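Participant: Model the structure of this input:
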Amino acid sequence: MILETERLILRKLEDTDCERMFLMDSDPDVMKYLGKPVTSLDESKETIKMIQKQYEENGVGRLAVIEKESGLMIGWSGLKLLRQPINGHVNTLDLGYRFIPEFWGKGYAMETAKAALDYGFNKLKADTIYAYADTGNTGSNHMLRKLGFENTGEFEDSGVSCFWYELKREKYI
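Facilitator: Below is the predicted model:
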């Protein structure tokens, strides 16, 4: 599974991505709305193994985002299948993204989200794709609305207040 945009390549995460993953997930700014920063390379290796298992079991999972110009992994983005209930939903596709701060503000999250949504609606034939974000994460909430997601409510995830979003195939432009 490889997706490509004008500036980026989205591909399956590989074991060799662990250092860039650690750089991202150990940054307090990146993890501000996501939980505690990781503290060891081993934690990043385990995260990659978990995502690789999702590829095998579900045929989908978050993808490494590679900047064509630099060849660097700059984050991850894409769809994953929610196997555990979240906000009463299970076995549904969830859009997510995370980037190393030096690559924020360049439109990469929007670019990769559109590629993932196209894949979800056109290749996977999803009727609805979901997303959620911490209510305080104004950047992610703004982007999800800009993509056409509808905020359908608020719920708590591990004690954190989140907005729940859904985007139906017929409303995706």
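
Participant: can you give me phi and psi for the most centrally placed residue in the chain?
Facilitator: In the chain, the residue lying closest to the centroid (CA atoms, centre = their mean) is Gly96, at 2.1 Å. Gly96 adopts backbone torsions of phi -150, psi 160, taken as degrees, to the nearest 10.

Participant: Run through the bridge partners of it.
Facilitator: Beta-bridge partners for Gly96, by DSSP bridges, are Gly78.

Participant: So what touches the biggest helix by length in the chain?
Facilitator: Longest helix of the chain, by residue count under DSSP state H: helix 41-58. With CB atoms under 8 Å, 6 or more residues apart in numbering as the test, helix 41-58 has contacts from 1, 12-15, 17-19, 21-22, 25, 38, 60-62, 76, 80-81, 83. C-beta here means a position set from N, CA and C on the backbone, and glycine is covered the same way.

Participant: before we move on, the earlier item: looking at it, the residue nearest to the centre of the chain is touching Ala133, isn't it?
Facilitator: No: here Gly96 does not reach Ala133: they are 9.2 Å apart, not a contact under CB atoms under 8 Å.

Participant: where along this structure do the strands fall?
Facilitator: Per DSSP state E, the chain carries strands over the ranges 2-4, 8-12, 63-67, 73-82, 92-99, 128-134, 150-157, 160-168.

Participant: For the first one, list every residue counted as buried.
Facilitator: Buried positions in strand 2-4, judged by neighbour count with 16 or more other CB atoms under 10 Å: Leu3.

Participant: which regions of the protein sit below the pLDDT cut-off?
Facilitator: For the chain, applying pLDDT under 70 flags the ranges 173.
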